[in-house]
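Colleague: My questions are about this predicted structure, shown below with the sequence.
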Amino acid sequence: MRKYGLYLLIALSLMTGCQKKDTVTVDTAAETTQESSETGLKAESEPESTAENLSGTDQNGNTGADAQTDRFALIPIAVSGEYDGEWDDTDQTPIITSRCDKVYVQGDGYDALKQSLISLNKNLVSQNKEEYASYKKEAEDMRNNYPDMKQSYVCNYEFNPVRFDHTVVSMYWLKYYDLGGAHPSSVTEYHNFDTQTGKELELCDVVKDLPGFRKYVKEELSDQKEEKGLFEDYETTVDSLFAGTGGYGLLEWCITKTGVRIHFDQYVIASYAAGAVEVEVPFAGNETMFRTDYIGKNSEGWAKKTSPWETVTYEKGETDTSVSYHFDDAADGYDTRNITIEREQGGEKEEFTMELYGQPQEGWIVMTDDGHPYLYTEIQSENDWRTLEVFDLKGEKIHHVGTSNDSPHGALLNDPDEFYLTRRVDALGTYDAYRKFHVGESGMPVAENEVYTKVNICDSKEEETALVSTRELPVTVFDGNGKEEKLPAGTKYYVRATDLESFVDMELSDGRKCRLDVKRSDNGWGFLIDGEEEENCFEFIPYAG
């Protein structure tokens, strides 16, 4: 049997009424494009002048120090995974696979939070590897004893962001297991942090009135009892979870934009068939129950992550509208699929089908502040090339608006007014880079500016690949004066941002930031630096392909 490991770029302490997790203490094209649908829609853009931005910190608006002016400012994040697996030598079918996602805050600042997430990532990876090792022998025995079944075990820790702003970071890992039983199973592990201090929050850090909060949750559960088929003793379980007693484990919770949500996994207070049970206590109307600092942003617009076949219902005017989508394999190939969108509005049903190429990833229903709904779906094809397909759900007929070469790549999309999208770029290397966006008038994502910030999924500079110069290079140093210097051959440069046309921002080994002026090469590929072809300026430039 062949072992395969792939690493991609991309003890409980309980307190009465307030529980603590003690795990933590402290791409794809080189220009902004929108491929038009059959309507012939052209790309939207709202470019800003970025050449004068010599701060060396925030090329995207709301990272680092500038975000401190807005406690609801969105923080850009990146997600990568550590993978492992065992394959059958006879036919290369998987015996067991595992994945553990890791999350990284991008940009400057948030040092305490970054350190907390480094620790959290390491702990989760360690847990995942231990579980993988424990299931591996069982999976191999299953394959040896029942070779015709081709049963593949799965042990995944899948990251899901809930809220990432200047005040609160809230997220969960869905621990998904397929271990040869009648059906897969999953458990959910939430983590909540104070963005400024990096401290992992306890429920009592956010909720001032815990008795009132628990009463609200229990009343909501009482209303769901018949519909969800809650266990007869569910109230005892809920009380024990809130108190941290009785061996029931930790109460799982998160902080959303609109409230604090309590999550009960399958089997905790209801059967597997009932699914997870959740109750959100809204900030609105319950302000005195919460600490003001953590109350989220109130806005008309919203975005909800949704899965295929899941129905999302929203109010359009005075009419409830229900929307769902799903993918089917098309007739002409494994990687070509039909997406079908179904909408029911005022008793009228509408269905739209379109062929798409690639593997479906995530989907979102996006509602703008003025009440215009869209469906965003992320599609992945070869070499992790990703696009974002946009569909208009408002008109008499559903229609495809267009295709964006920028997509979430695991980042948070919960607000139509600000979100970060990523694409692969080529500028002194091939790498993923992100920009900040909002939903434009057509429904397509519109970039706030034309500066692409390189995604960084390294815990330290020592883990990054540096560009080592082979000649003296002129740079503008971001020291407040924008002075020009010539740095000697042998200098290590770490790419940080670029406009893909005239500059690449770098970080040096000593932490200083600088700008390297570049010019498009006459041959249409690569750049000239101080009149020299880029390959003559560095020992090696890591381009893909």
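Modeller: Structure received.
Colleague: going forward, measure contacts and count neighbours with C-alpha atoms only.
Modeller: Fine.
Colleague: Under the pLDDT cut-off, which ranges of the stretch 251-400 of the chain? List them.
Modeller: Where the stretch 251-400 of the chain drops to pLDDT under 70, the residues are 330-334.
Colleague: Pull out the buried residues from the helix or strand harbouring E82.
Modeller: Element membership for E82 (DSSP states H and E) is strand 77-87. Across strand 77-87, burial judged by 16 or more other CA atoms under 10 Å covers 77-87.
Colleague: can you check stretch 383-401 too?
Modeller: Quick answer for stretch 383-401 (16+ other CA under 10 Å): 385-393, 398-401.
Colleague: cool, and stretch 435-451?
Modeller: Of the residues in stretch 435-451, those buried (16+ other CA under 10 Å) are 435-440, 442-451.
Colleague: Y132: which of the residues you listed is nearest?
Modeller: R435 (35.7 Å; CA to CA).
Colleague: burial of R520, as a residue count?
Modeller: 16 (other CA atoms under 10 Å).
Colleague: Can you report phi and psi for it?
Modeller: phi -60, psi 130 (degrees, to the nearest 10).
Colleague: give the contact list for it.
Modeller: The contact partners of R520, by CA atoms under 8 Å, 6 or more residues apart in numbering, come to 501-502, 526-528.
Colleague: residues contacting F231?
Modeller: Here F231 is in contact with 269-271 (CA under 8 Å, 6+ apart).
Colleague: Could you point out which of these is nearest to G296?
Modeller: I269 (28.4 Å).
Colleague: was I right about the closest one contacting L230?
Modeller: Yes: between I269 and L230 a contact is recorded at 5.7 Å, counting by CA atoms under 8 Å.
Colleague: Compare these two (neighbour count), which wins?
Modeller: I269 (25 against 20).
Colleague: so how many other residues sit close to G480?
Modeller: Applying other CA under 10 Å, I find that G480 has 9 neighbouring residues.
Colleague: Need the three-state assignment for it.
Modeller: coil (DSSP: H, G, I helix; E, B strand; the rest coil).
Colleague: Without its sequence neighbours, what residue ends up closest to Y420?
Modeller: Once flanking residues are discounted, Y420 sits nearest to K436: 4.5 Å by CA to CA, 6 or more residues apart in numbering.
Colleague: and that neighbour, what pLDDT?
Modeller: As predicted, K436 sits at a pLDDT of 98.
Colleague: Then N53?
Modeller: 42.
Colleague: Please apply the same query to Q92.
Modeller: 89.
Colleague: Run a quick neighbour tally on it.
Modeller: Count around Q92 with other CA under 10 Å applied: 11.
Colleague: helix or strand for it, which one?
Modeller: Counting by DSSP H and E, Q92 is found in no helix or strand.
Colleague: which phi and psi does it have?
Modeller: phi 60, psi 20.
Colleague: How about T256?
Modeller: phi -100, psi -180.
Colleague: my guess is it contacts N298, does it?
Modeller: No: between T256 and N298 there is no contact under CA under 8 Å: 10.9 Å.
Colleague: Comparing the two, which shows the higher neighbour count?
Modeller: T256 (25 against 12).
Colleague: who's in contact with that one?
Modeller: 162-163, 170, 296.
Colleague: circling back: just put the buried residues of stretch 383-401 in JSON lines and tack on secondary structure and distance to E280.
Modeller: Output for the buried residues of stretch 383-401, formatted as JSON lines (DSSP: H, G, I helix; E, B strand; the rest coil; distance: CA to CA, whole Å):
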{"residue": "W385", "secondary structure": "coil", "distance to E280": "36"}
{"residue": "R386", "secondary structure": "strand", "distance to E280": "33"}
{"residue": "T387", "secondary structure": "strand", "distance to E280": "33"}
{"residue": "L388", "secondary structure": "strand", "distance to E280": "30"}
{"residue": "E389", "secondary structure": "strand", "distance to E280": "30"}
{"residue": "V390", "secondary structure": "strand", "distance to E280": "29"}
{"residue": "F391", "secondary structure": "strand", "distance to E280": "29"}
{"residue": "D392", "secondary structure": "strand", "distance to E280": "29"}
{"residue": "L393", "secondary structure": "coil", "distance to E280": "27"}
{"residue": "I398", "secondary structure": "coil", "distance to E280": "31"}
{"residue": "H399", "secondary structure": "strand", "distance to E280": "33"}
{"residue": "H400", "secondary structure": "strand", "distance to E280": "33"}
{"residue": "V401", "secondary structure": "strand", "distance to E280": "33"}
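Colleague: What ranges does the stretch 251-400 of the chain have for its strands?
Modeller: 252-255, 259-264, 277-282, 302-306, 312-316, 319-329, 336-345, 348-357, 359-367, 373-380, 386-392, 399-404 (DSSP state E, counting those that start in this stretch).
Colleague: that's a strand at L113, yeah?
Modeller: No: counting by three-state DSSP, L113 is located in no strand; its state is helix.
Colleague: Quick check: G347 vs T377, distance?
Modeller: For G347, the distance to T377 equals 26 Å [CA to CA, to the nearest Å].
Colleague: same check, this time on D88
Modeller: In terms of CA to CA, D88 sits 34 Å off from T377.
Colleague: And the helices in this protein?
Modeller: Remark: helices assigned in the chain by DSSP state H are 111-145, 203-206, 210-228, 234-243.
Colleague: Relative to E189, which of these is closest?
Modeller: Nearest of those (CA to CA): helix 111-145, 10.2 Å.
Colleague: Report all helices and strands that that closest one contacts.
Modeller: strand 94-105, strand 153-164 (3 or more CA pairs under 8 Å, 6 or more residues apart in numbering; DSSP states H and E).
Colleague: okay if I get those as JSON lines plus distance to E252?
Modeller: Converted to JSON lines, these look like this (distance: least, CA to CA, whole Å):
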{"stretch": "strand 94-105", "distance to E252": "19"}
{"stretch": "strand 153-164", "distance to E252": "13"}
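Colleague: And A43, what's its pLDDT?
Modeller: 37.
Colleague: repeat for V24
Modeller: For V24, the predicted pLDDT is 41.
Colleague: and the chain, what are its domains?
Modeller: 2-26+60-294, 302-448, 461-536 (automatic domain parsing).
Colleague: Would you work out how far apart the start and end of the second one are?
Modeller: Criterion CA to CA; first-to-last residue distance in domain 302-448 is 19 Å.
Colleague: ok, for L467, nearest residue in space, not its chain neighbours?
Modeller: Closest to L467 by CA to CA, 6+ apart is Y493, at 5.0 Å.
Colleague: The one you found and F540, how far apart?
Modeller: Counting by CA to CA - Y493 and F540 are separated by 12 Å.
Colleague: Now do the shared contacts for these two.
Modeller: Counting by CA under 8 Å, 6+ apart, the common neighbours of Y493 and F540 are 467-468.
Colleague: What is the burial count for the residue nearest to F213 when sequence neighbours are not counted?
Modeller: Distance criterion CA to CA, 6+ apart; nearest residue to F213, sequence neighbours excluded, is M289 at 7.0 Å. Neighbourhood size, M289 [other CA under 10 Å]: 18.
Colleague: isn't M289 right up against K215?
Modeller: No: using CA under 8 Å, M289 is not in contact with K215; the gap is 11.5 Å.
Colleague: returning to what we had before: neighbour count: G347 and T377, which is higher?
Modeller: Using other CA under 10 Å as the criterion, G347 and T377 rank with T377 on top: 24 against 10.
Colleague: Distance check, the more buried one against F290.
Modeller: Noted for T377: a distance of 35 Å to F290, by CA to CA.
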